[in-house]
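Q: Build me a structure from this.
(one chain, ligands or ions: 2)
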Amino acid sequence: TRTSRPQRILKAVQTKATVGDPQSVITAIDHFCRHREWAMNVGDEKGSILDSVVNEVSPVTVLELGTYCGYSTVRIARLLPPGACVITLEFNPDYAAIARQVIKWSGLEDKVQLVEGASGDWIPWMKEHFGVQAFDLVFLDHWKERYLPDTKLLEECGLIQKGTVLLADNVICPGTPDYLEYVRNSPHYNSQYYRSHLEYTKAEDGLEKSVFLGY
Ligand SMILES: CCCNc1ncnc2c1ncn2[C@@H]1O[C@H](/C=C/CNC(=O)c2cc(-c3ccc(F)cc3)cc(O)c2O)[C@@H](O)[C@H]1O
Ligand SMILES: [Mg+2]
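A: Ligands and ions are numbered 1, 2, ... in the order given. Have a look, this model is predicted:
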């Protein structure tokens, strides 16, 4: 049977990128998705904004919701200092398998904990299972209608504390209206929109950065 798009993305990494060189993995995926097949990676333009937020926050513990092929996982992990890590949740086993290989090719497996499972099932276990106190940065890029419920779950589990930064992809396209309304109107968040474009296209999209101010 035909290969899947994630399998073709992995093949592009394995043929075009250098083992142990995260930037070459990022470049290979962006080239493939711009010139061969579009795919829902955060991409190079919004990825640069993601990079700047990671550098600004210099997080010790990062949570990523929705690994897909691991593109943004590699973008984040390559900027983390020794001892810092990104826990990334992916509930599709096929995507998780591809992402593990992309992350391995980039040489960043020591900075990444890929957990195969659904956010709603795993968030309540983060403290107990991974010894996480609170997340310094959360990157939301999974099913758009899950951004708000999962944010509320993270709050309830005490995983969002004063200073935690939420960075959400696709707040315009496909859009996350209920999440945007929540973080922009809540007195507990200071929210700002970074205008950009939908990956590999001219359509408008952007990232929303929301800093938790404490209760
Ligand atoms: C139980 C479901 C909620 N919990 C979850 N827990 C763990 N992983 C979850 C997940 N939901 C989804 N996932 C995974 O995240 C990924 C899903 C991402 C959804 N993203 C999008 O739909 C998306 C879509 C677009 C898009 C934009 C325009 C367009 F015309 C077509 C698509 C652009 C993007 O940047 C996107 O991120 C998959 O790997 C999926 O298996
Ligand atoms: Mg996205």
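
Q: what's the pLDDT at the residue in the chain that ligand 1 sits nearest to?
A: Nearest residue of the chain to ligand 1, counting by CB to the nearest ligand atom: residue 66, 2.9 Å away. (Glycine included, C-beta is placed from N, CA and C.) Here, the pLDDT recorded for residue 66 equals 99.

Q: Report how many residues lie close to the closest residue in space to it that isn't next to it in sequence.
A: Spatial nearest neighbour of residue 66, excluding adjacent residues (CB to CB, 6 or more residues apart in numbering): residue 142 at 3.0 Å. Burial of residue 142 is recorded as 21 neighbouring residues (other CB atoms under 10 Å).

Q: rewinding a little: I figured the residue of the chain closest to ligand 1 hits residue 89, correct?
A: Yes - checked against CB atoms under 8 Å, the pair residue 66 and residue 89 is within contact range at 7.2 Å.

Q: hey, what's in contact with both of these two?
A: residue 142 (CB atoms under 8 Å, 6 or more residues apart in numbering).

Q: can you pull out the helices in this structure?
A: Per DSSP state H, the chain carries helices over the ranges 5-16, 22-35, 43-57, 71-77, 93-106, 119-122, 126-130, 147-156, 177-185.

Q: Now those in a markdown table, please, with extra columns for mean neighbour count and mean pLDDT.
A: As requested, these are exported to a markdown table (neighbours: other CB atoms under 10 Å; pLDDT from 0 to 100):
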| stretch | mean neighbour count | mean pLDDT |
| --- | --- | --- |
| helix 5-16 | 18 | 98 |
| helix 22-35 | 19 | 98 |
| helix 43-57 | 18 | 99 |
| helix 71-77 | 28 | 99 |
| helix 93-106 | 20 | 99 |
| helix 119-122 | 16 | 98 |
| helix 126-130 | 14 | 97 |
| helix 147-156 | 18 | 98 |
| helix 177-185 | 16 | 98 |
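
Q: That's all I had, so thanks and see you.
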